[in-house]
Structure formats: structure tokens, C-alpha cells
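How does the following fold in three dimensions:
(one chain, ligands or ions: 1)
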Amino acid sequence: MKIAIGCDHAGVELKNELITLLKNEQIDVINFGTDNNDSVDYPDFAKKVASSIKKNEVDRGILICGTGIGMSIAANRYKGIRAALCHDIFTAQMSRLHNDSNVLVIGSRIVDIFTAEKIVKIWLCTEFEGGRHDNRLCKIRDIED
Ligand code: RB5
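Numbering: from 1, shown residues only. Alright, predicted model coming up:
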């Protein structure tokens, strides 16, 4: 699997921890920054990660900002992106099972690093259930068109 990851200034520390985790899991990572604490605008990084998914450079993406709210709003503007803001293991798992989320969004000021790592691990290994949920995703695609 290949993952694109991006964050704003609020998410740099958590992003670095997650990059280490991903590499330990033998996952290829494209890091779109930001990589320091200078203030930046989260939509710029949501755009980089969403575009990478749309170009099929990666399978899925991870975005981090302070609350995760800005990143999820921005990422979900892109056609084909199903970004899920997850604060716990249950929502992360369900976002894959029922929603086929292709972007995981985490709020670095909401969850601690230990929880974030557990969220990422379950999100990575959970497959979309399909079935009745496929029809619902089709209806989302209809809204996009
Ligand atoms: C940055 O201060 C903060 O607004 C941002 O990280 C995020 O929480 C926005 O939704």
C-alpha cells in the first residue's frame, strides 16, 4: 500500500510519528508537508493529498490539523474523496467498513499520539464491506456529478 500524508503546522509532530509507524508497517509514504511549525493554510495540504489520490499515485491519504475539521471540509470538496474525521478506533473502523473512506483525518489537538496510532492501524487493515453500502456510495457519486 502507498499512502500520501499531509498536515498543517498543528500536525507536524503527530505526522512524523505516523510516518514512522507507516514505514514500520512496510507502507510507502509520500509526505506532502508541512514540515515545520511556521503557520500554513490547511487547504493547501488537503489539496496535495487529494490530488495525489485522484492521480492514482497513492491508494489512500492521511491528513492532520488541529481539530481535523478544516482538513476534512477541504478534502471532501474533491470529487472521489471520502475523507473521514475519526477521533477513535470505532469511527476509524466504521469509516472503512461502511464508507470506504480513502482519507483518514485526525485532529492532533483532540487525540493523543497513542490513540492516533491505533486509529491508523485499524484504518489501514479494515476493508470496505460493499453490499448495501455500495449503493450508498453510488448516491454520493451522483451528488458529485
Ligand atoms: C490552526 O490553528 C487550526 O485552525 C487548524 O489546525 C485546524 O484545526 C482547522 O480546522
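
hey, let's count contacts and neighbours off CA atoms from now on
Noted.

part of a strand, is K47?
No - K47 is assigned helix when assessed by DSSP: H, G, I helix; E, B strand; the rest coil, not a strand.

residues contacting the closest residue in space to it that isn't next to it in sequence?
Computed as C-alpha to C-alpha, 6 or more residues apart in numbering, the closest residue to K47 that is not its neighbour in sequence is A75, at 6.7 Å. Remark: with contacts taken as C-alpha atoms under 8 Å, 6 or more residues apart in numbering, A75 is in contact with P43, A46, K47, A50, I81, R82, A83.

at 7 Å instead, please
A46, K47, A50, I81, A83 (C-alpha atoms under 7 Å, 6 or more residues apart in numbering).

average pLDDT across the host helix or strand of the third one?
When you say that, I think you mean A50. Using DSSP states H and E, the secondary-structure element containing A50 is helix 42-54. Regarding helix 42-54, the rounded mean pLDDT is 98.

starting at the chain centroid, how far to the helix or strand just after it?
As assigned by DSSP H and E, the chain's next helix or strand after helix 42-54 is strand 60-65. The chain centre lies 3 Å from the centre of strand 60-65; the measure is C-alpha atoms, centre = their mean, to the nearest Å.

ok, for Y78, nearest residue in space, not its chain neighbours?
A50 (6.7 Å).

The one you found and E25: what is the separation?
22 Å (C-alpha to C-alpha, to the nearest Å).

Between those two, which is the more surrounded one?
A50 (31 against 12; other C-alpha atoms under 10 Å).

In the host helix or strand of M71, which of the residues would be classed as buried?
Element membership for M71, per DSSP H and E: helix 69-75. Under the neighbour-count criterion of 16 or more other C-alpha atoms under 10 Å, helix 69-75 has I69, G70, M71, S72, A74, A75 buried.

who's in contact with whichever strand or helix holds I143?
For I143, the host element (DSSP H and E) is helix 132-144. The contact list for helix 132-144 (C-alpha under 7 Å, 6+ apart) reads K79, H98.
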